[in-house]
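Chemist: 3D, please:
(2 chains)
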Protein chains: 2
Amino acid sequence: MTTAGLGLPMTVPAPGLPARVRIHEVGARDGLQNEQGVVPTEVKAEFVRRLADAGLTTVEATSFVHPKWVPQLADAERLFPLVRDLPVALPVLVPNERGLDRALALEATRVAVFASATESFAQANLNRTVDGALAMFEPVVARAKAADVHVRGYLSMCFGDPWEGAVPVAQVVRVCRALLDMGCDELSLGDTIGVATPGHVTALLDALGGAGVPVGALGVHFHDTYGQALANTLAALQRGVTTVDASAGGLGGCPYAKSATGNLATEDLVWMLTGLGIDTGVDLGRLVATSAWMADRLGRPSPSRTVRALSHKEQ
Amino acid sequence: MTTAGLGLPMTVPAPGLPARVRIHEVGARDGLQNEQGVVPTEVKAEFVRRLADAGLTTVEATSFVHPKWVPQLADAERLFPLVRDLPVALPVLVPNERGLDRALALEATRVAVFASATESFAQANLNRTVDGALAMFEPVVARAKAADVHVRGYLSMCFGDPWEGAVPVAQVVRVCRALLDMGCDELSLGDTIGVATPGHVTALLDALGGAGVPVGALGVHFHDTYGQALANTLAALQRGVTTVDASAGGLGGCPYAKSATGNLATEDLVWMLTGLGIDTGVDLGRLVATSAWMADRLGRPSPSRTVRALSHKEQ
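Modeler: Residues are numbered from 1 along each chain as shown, chains lettered A, B, ... in the order given. Got it, this is the predicted structure:
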């Protein structure tokens, strides 16, 4: 047991957990795409720069979805060159071949496609069946791999669906296998509506392991709608997961809005991982300062409890 | 795996967890004692009634601390008779023999004393050394036991102290042993400033087990200051703890105030336990309605994410 300086937890490792976790920071993309107002391109670029400066090694930068669907990120072509040369991984979202073309034209080296585990959300989000969406991604992944570009596959609604309710684990496993078989380098298992609980997480990871999916290819992406994100993360770490998605300051859904579906706050995650003695490379103080800065730009307080607690401490 | 109705998670049990958890509901005492305004006695009584009606079997009702220190609960003598006949356990806080006298005069059958694991907080909260406070509690516990009254011992600052920083596990174990040796029936291990992380929880529980403390005598009391409360609870359940303190609606510290130290929200806890297939006896819908009702009385939104998510769903 080691003592900690002000603003950090004591470090007390627990048995059976990984020594290091890679945080896949989604605040600049998943967070900002859910903001009501328009954030200036230079503010977004500064946000990405500060996140990298805080020690995050993977910072999802933007999305090459058609501006009609995500007007908040319509400036992807202007933003990406502003951050491209940062010494961190900067994946970008691409929904289809047209999106991939735009990303490749800007020399992106990491892209992500987004599939659905359920028919209802595939229809709502992609206007396709689950298999129709997979067919759409096949040439995207093939061309990305041919260009030596790393591909992440997001999978939404892995633990529940607002239309269908329960989502069978076997259904999730099938789509995961399909994404890996077409060439995705890693997957992100999304609890898009935040309903998962730790036993469900364990059951899905065990089923994926049983289907031959290596845990090293899996990331988890939890939402804090019901306050479960960090407990679910702990369950995932206990099953060997070493990639965790999180959003600086908990950006990605206003906690006071009707559809409150905030992402796991990166700071709350870093607090837990630091306490567990798990290396992330992140400087928590710098990260909190970055999220507090962004909250000021957005004109509302951060929903991250750690940001609030540590920002207050500094006042 | 079973599917769930609207507003409940899927049930997917995890191996090695208890079949049943007793929630020690502290909202009416620990929650309301931190409210700025005065809550009318009849509203408090109705809150306790609704909590019992939602299926909570232990509802801490009030405190017999001197009104000078906790003016919010100065109406204990008027409140307690209004709820005394409810068919649930209704512990009350007693700081000393005078408090015990007041509780016994009203036929309370369960009391709680509150000790500190650190010298700094013992001085700040009790104006005594740790051992001086224990000496003060000895006759309280002895007289309570002689009157066949159940005694809980709260222990503050088990995981960190705002003045002292790190709190050695051995120091916590020593005070726990002293409280049990003087006759306390159960203990509540408090993370008063919310800094604990899961490995620290595991280490403390293992040390207590090693010192001969039966896990059945231990409850955990986590605060969500850094968003860690539910992950810490999961770690405690994995070590066999079956008593968890929580506060309906997360009452007990405004999340926007400087000293944000909210309790674990009972609803967020019930969501996780329900998902894990752990029986609590609580009707989540009724509990959410109770917390939403209380939030209206207090004039501010509940900090419980589950309350916000499910209340919005009903709008």
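
Chemist: And the pLDDT at residue A:311?
Modeler: Note on residue A:311: pLDDT of 85.

Chemist: looking at this, it is in a helix?
Modeler: Yes. The assignment for residue A:311 (DSSP: H, G, I helix; E, B strand; the rest coil) places it in a helix.

Chemist: contacting residues around it?
Modeler: Listed by CB atoms under 8 Å, 6 or more residues apart in numbering or on different chains, the contact set of residue A:311 reads A:288, A:292, A:302. (Glycine included, C-beta is placed from N, CA and C.)

Chemist: list the contacts for the closest residue in space to residue A:113 that isn't next to it in sequence?
Modeler: Of all residues not flanking residue A:113 in the chain, residue A:137 sits nearest, at 4.6 Å (CB to CB, 6 or more residues apart in numbering or on different chains). When contacts are counted by CB under 8 Å, 6+ apart, residue A:137 touches A:113, A:115, A:153, A:179, A:182.

Chemist: again, but for residue A:284
Modeler: Neighbours of residue A:284 in contact, by CB under 8 Å, 6+ apart: A:7-8, A:267, A:270-271, A:274, A:306, A:310.

Chemist: If we use 7 Å, what do you get?
Modeler: Taking CB atoms under 7 Å, 6 or more residues apart in numbering or on different chains as the contact definition, residue A:284 lies against A:7-8, A:267, A:270-271, A:274.

Chemist: Give me the distance between the residue nearest the centre of chain A and chain B.
Modeler: Nearest residue to the geometric centre of chain A (CA atoms, centre = their mean): residue A:245, 3.6 Å. When distance is defined by CB to the nearest CB, to the nearest Å, residue A:245 is 16 Å away from chain B.

Chemist: Show me what secondary structure element comes after the helix or strand containing that residue.
Modeler: According to DSSP states H and E, residue A:245 maps onto strand A:243-246. Per DSSP H and E, strand A:243-246 leads on to helix A:266-275 as the next helix or strand towards the C-terminus.

Chemist: near chain B at all, that following helix?
Modeler: Yes. Judged by CB under 7 Å from any CB of the partner chain, helix A:266-275 and chain B are in contact via A:268, A:271-272, A:275.

Chemist: With neighbour count, distance to residue B:17 and pLDDT added, can I get these in a markdown table?
Modeler: Written out in a markdown table, the entries for the residues of helix A:266-275 next to chain B read as follows (neighbours: other CB atoms under 10 Å in any protein chain shown; distance: CB to CB, whole Å; pLDDT from 0 to 100):
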| residue | neighbour count | distance to residue B:17 | pLDDT |
| --- | --- | --- | --- |
| A:268 | 26 | 23 | 97 |
| A:271 | 30 | 24 | 98 |
| A:272 | 28 | 19 | 98 |
| A:275 | 28 | 22 | 98 |
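
Chemist: which one among those residues gets closest to chain B?
Modeler: Of all those, chain B sits closest to residue A:275, with 2.5 Å by CB to the nearest CB.

Chemist: wait, doesn't residue A:82 sit right on residue A:45?
Modeler: Yes. Using CB atoms under 7 Å, residue A:82 makes contact with residue A:45 at a distance of 4.0 Å.

Chemist: list residues touching both of the two?
Modeler: In contact with both residue A:82 and residue A:45: no residue, using CB under 7 Å, 6+ apart.

Chemist: which parts of the lengthiest helix in chain A are buried?
Modeler: Longest helix of chain A, by residue count under DSSP state H: helix A:130-146. By neighbour count on 16 or more other CB atoms under 10 Å in any protein chain shown, the buried set for helix A:130-146 is A:130, A:133-134, A:136-137, A:140-141, A:143-144.

Chemist: ok, now stretch A:53-64?
Modeler: Of the residues in stretch A:53-64, those buried (16+ other CB under 10 Å) are A:54-56, A:58-64.

Chemist: number of nearby residues for the closest residue to residue A:298 other than its chain neighbours?
Modeler: Computed as CB to CB, 6+ apart, the closest residue to residue A:298 that is not its neighbour in sequence is residue A:35, at 6.5 Å. Using other CB atoms under 10 Å in any protein chain shown, residue A:35 is surrounded by 17 other residues.

Chemist: Next: the one 3 residues further on.
Modeler: One way to gauge burial is a neighbour count; for residue A:38, by other CB under 10 Å, it gives 12.

Chemist: Same check on residue A:163?
Modeler: Residues contacting residue A:163 under the criterion other CB under 10 Å number 11.

Chemist: burial count for residue A:168?
Modeler: Each residue near residue A:168 was counted by other CB under 10 Å, and the total is 15.

Chemist: low-scoring pLDDT stretches of the stretch 101-250 of chain A, where are they?
Modeler: Low-confidence segments of the stretch 101-250 of chain A, defined by pLDDT under 70, are absent.

Chemist: which residues of it fall in helices?
Modeler: Along the stretch 101-250 of chain A, the segments classed as helices by DSSP state H, counting those that start in this stretch run A:119-121, A:130-146, A:169-181, A:198-210, A:229-238.

Chemist: name the helices or strands packed onto the third one?
Modeler: Spelled out, that is helix A:169-181. Using 3 or more CB pairs under 7 Å, 6 or more residues apart in numbering or on different chains; DSSP states H and E as the contact criterion, the secondary-structure elements in contact with helix A:169-181 are strand A:150-156, strand A:186-191, helix A:198-210.

Chemist: what two of the buried residues of stretch A:53-64 are the furthest from one another?
Modeler: Checked with CB to CB, those reach their widest spread between A:55 and A:64, with 26.5 Å between them.

Chemist: Can you check the pLDDT for residue A:72?
Modeler: Here, the pLDDT recorded for residue A:72 equals 92.

Chemist: Residue A:69 versus the closest residue to it other than its chain neighbours, what's the distance?
Modeler: Nearest residue to residue A:72 in three dimensions, chain neighbours excluded: residue A:33, at 5.0 Å (CB to CB, 6+ apart). Using CB to CB, to the nearest Å, one obtains 9 Å as the distance from residue A:33 to residue A:69.

Chemist: Next: residue A:25.
Modeler: Plainly put, residue A:25 is 22 Å away from residue A:69 if you go by CB to CB.

Chemist: Tell me which of those two has more neighbours.
Modeler: More neighbours sit around residue A:25 than around the other of residue A:25 and residue A:69, counting by other CB under 10 Å; the figures are 28 against 12.
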